[in-house]
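Undergrad: sequence-free structure coming up:
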């Protein structure tokens with residue numbers, strides 16, 4: 001079966017629009033960015049914008065998912081098994097991304113955070129589920145899915161707590177919790193807690 005090639009002009013135009021949006025996000029609040037601002041910055045017309053994206057919210061989601069989160073997802077996907085180093089790597093990737101977005105797009109960070117949260121939870125849940133499925137293929141799929149949800153929400157919640165309430169480096173923060181996360185209730189029971 002022949003592989004369908006995407007016209008490089010389409011890829012370049014899409015990239016122009018996404019880059020223009022990122023540049024505008026540095027200068028303006030998300031709510032103040034208009035389609036006209038984006039098309040002017042990208043030097044494309046409205047029809048071209050709407051060929052690629054349904055609206056600025058769709059553009060935001062695609063920029064976060066396809067562009068900015070690529071590193072986070074690729075770093076996480078490098079792990080085949082759910083281990084202590086995987087959990088640490090996931091946490092550090094997420095916190096690094098959050099710091100980057102908060103620094104680069106300070107004015108629009110709040111608008112980005114809800115979309116980022118949705119995307120990262122969905123991606124983490126899928127990655128954790130696949131890792132658990134490889135190791136526990138005979139287990140109940142629903143149990144593994146629930147465990148994946150708990151892991152992704154817990155790690156994401158911890159990254160928010162670190163961002164808002166901690167003065168520690170992210171490496172120090174996650175290493176404090178790792179014994180409890182990796183050994184769970186058995187660790188607590190052995191400590192008499």
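TA: That came through, no problem. Note that the coordinates shown come from a computational prediction; the quantities given were computed from them, not determined experimentally.
Undergrad: how about residue 38, secondary structure?
TA: Residue 38 falls in the helix class when you classify it by DSSP: H, G, I helix; E, B strand; the rest coil.
Undergrad: got the contact list for it?
TA: 17, 20, 21, 24, 49, 56, 59 (C-beta atoms under 8 Å, 6 or more residues apart in numbering). Just so you know, the C-beta spots here come from the backbone N, C-alpha and C atoms, and that holds for glycine as well.
Undergrad: Surely the fourth one touches residue 37?
TA: Okay, so that is residue 24. Yes - using C-beta atoms under 8 Å, residue 24 is in contact with residue 37, at 5.6 Å.
Undergrad: neighbour-wise, which of those two wins?
TA: More neighbours surround residue 24 than the other of residue 24 and residue 37, with 23 against 16 (other C-beta atoms under 10 Å).
Undergrad: Nearest spatial neighbour of that one, chain-adjacent residues omitted?
TA: Spatial nearest neighbour of residue 24, excluding adjacent residues (C-beta to C-beta, 6 or more residues apart in numbering): residue 33 at 5.0 Å.
Undergrad: And this structure, what are its domain boundaries?
TA: What automatic domain parsing lists as the domains of the chain is 8-56, 69-190.
Undergrad: and of those, who's closest to residue 63?
TA: Of all the domains of the chain, it is domain 8-56 that lies closest to residue 63, at 5.1 Å by C-beta to C-beta.
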